[in-house]
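Show me the folded form of this:
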Amino acid sequence: MSDRGTDDRDGPGEGRPGESDAPADESDDRAGATGDPDRYDVAVVGGGPAGCSAAVFAARYGLDAVLFDRGRSSIRQCAYLENYLGFPAGVGIETFYELMHDHVTTAGCELVADLVASVTREGDGERFVVETEGDRRVSATRVVAATRYDGDYLRALGDGTLLESAAVEGDDAEESDDEARERLDRSAIDSDGTTPIDGLYVASPSDEADRQAVVAAGRGARVGLAVVRDARRAAGYPEPVADHYDWVRREAARDDEWADRNRWREYYDGRRPEDADVDDARWETLRERDIDRRFGTYLSDDEIAARTERGQRRLLDHIDDELVVERAREIESDPVEASR
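As a prediction, the model looks like this:
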């Protein structure tokens, strides 16, 4: 996951916009005509660290996202998670799972507890249809596969070339109920999760990120950013400004140059290729939207303090009530000792 700004670490940065930059045909009302599937910009299959991370980055950008979790993420096979950054004494798997899914929904992604049975192309080939065992059908411009063990639901795509039969061996054998199944062919997946099938991304499986939860989350973030990048390209953003970085900064750290809207216009216009396939009116809309986004990423000291308190209170929702009460009593009886 990259935490940088645009051209340098100390220059301008980006964060979450308030709206999607998807083309107009990707921003229709979610429900289509009677009988049509609900429409999304991106559908994520798999609710483990990789899938949740990809969903968070896509949803925070403003894409309409849905995540399907079948409840069999490989992370559930872990007895207790001890090496995920930010949990010095480790974290219970159910608590970790709840935290991930809370983050997903808070980011604006819909969470569906259902098993995906198939992913196929719509009739015109421009979008995907995702069908679940619970008979739900959704239409998505992009699909992120984030299921470590099972790729059967993608069988209809790519003439089966994305799948390979694989015996479940070694550590996988301890974590899976199956002796063999069809899995995604890792050699067909690029480092950013893109595949030979336009619009299909793979966050898991991955040779680099399968074995550890924290690495899988990083992989999912990278794929989520690739989804956002490609959505921006489709919307009309040229290559020099297609990448997006989800990052907020202190208002006090912004210099006067980048507080000037006209300076930002110069920045964008200087990166618009002469042969860009977008007319002036559309370019102005995209440019001004991105400038609004960038201005919205700077936080005042009061807003930082408010978000910090809100974040801590949100964590309390995932801590056992008895432990919260016990800690409160310790602080009340001996605040100095409790702070050590």
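
When you work out contacts or count neighbours from here on, use the C-alpha atoms and nothing else.
Noted.

Which parts of this structure belong to which domain?
Following automatic domain parsing, the chain resolves into domains at 24-235, 239-299, 301-338.

Would you tell me which one of the ones you listed is buried the most?
domain 24-235 (a mean of 19; mean count of other Cα atoms under 10 Å).

averaged over its residues, what pLDDT does that domain have?
Per-region confidence: domain 24-235 scores 86 on mean pLDDT.

again, but for stretch 295-302
Averaged across stretch 295-302, pLDDT comes to 97.

From one end of that stretch to the other, what's the distance?
Stretch 295-302 has an end-to-end distance of 16 Å (Cα to Cα, to the nearest Å).

Off-centre distance for it?
Counting by Cα atoms, centre = their mean, to the nearest Å, stretch 295-302 is centred 23 Å from the centre of its parent chain.

Surely A107 and V56 touch.
Yes - counting by Cα atoms under 8 Å, A107 does reach V56; the two are 5.7 Å apart.

Can you pull out the residues in contact with stretch 82-97?
48, 75-76, 78-81, 213-214, 318 (Cα atoms under 8 Å, 6 or more residues apart in numbering).

show me where the stretch 1-150 of the chain has helices.
Assigned by DSSP state H, counting those that start in this stretch, the stretch 1-150 of the chain shows helices spanning 49-61, 93-106.

Redo those helices as JSON lines? Include distance to R271.
Shown next, in JSON lines, are the helices of the stretch 1-150 of the chain (distance: least, Cα to Cα, whole Å):
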{"stretch": "helix 49-61", "distance to R271": "21"}
{"stretch": "helix 93-106", "distance to R271": "33"}
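
Need the contact partners of the helix or strand containing R310.
Using DSSP states H and E, R310 sits in helix 301-316. Contacts with helix 301-316, where a contact means Cα under 8 Å, 6+ apart, come from 250-251, 324.

and the angle for the helix or strand that it is followed by with helix 301-316?
Moving toward the C-terminus from helix 301-316, the next helix or strand (DSSP H and E) is helix 321-333. Orientation check (axes from the mean of the first three to the mean of the last three Cα atoms, to 10 degrees): helix 321-333 against helix 301-316 gives 120 degrees.

Can I get helix 321-333 in CSV, CA atoms only?
C-alpha atoms of helix 321-333 as CSV (Å, rounded to 0.1, in the frame of the first residue of the first chain):
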residue,chain,number,x,y,z
ASP,A,321,-18.3,-4.9,27.9
GLU,A,322,-17.0,-6.5,31.1
LEU,A,323,-13.5,-5.7,30.2
VAL,A,324,-14.4,-2.1,29.5
VAL,A,325,-16.1,-1.8,32.9
GLU,A,326,-13.2,-3.5,34.6
ARG,A,327,-10.7,-1.0,33.0
ALA,A,328,-12.9,1.9,33.9
ARG,A,329,-12.9,0.8,37.6
GLU,A,330,-9.1,0.5,37.5
ILE,A,331,-8.7,4.0,36.2
GLU,A,332,-11.2,5.4,38.7
SER,A,333,-9.4,3.7,41.7
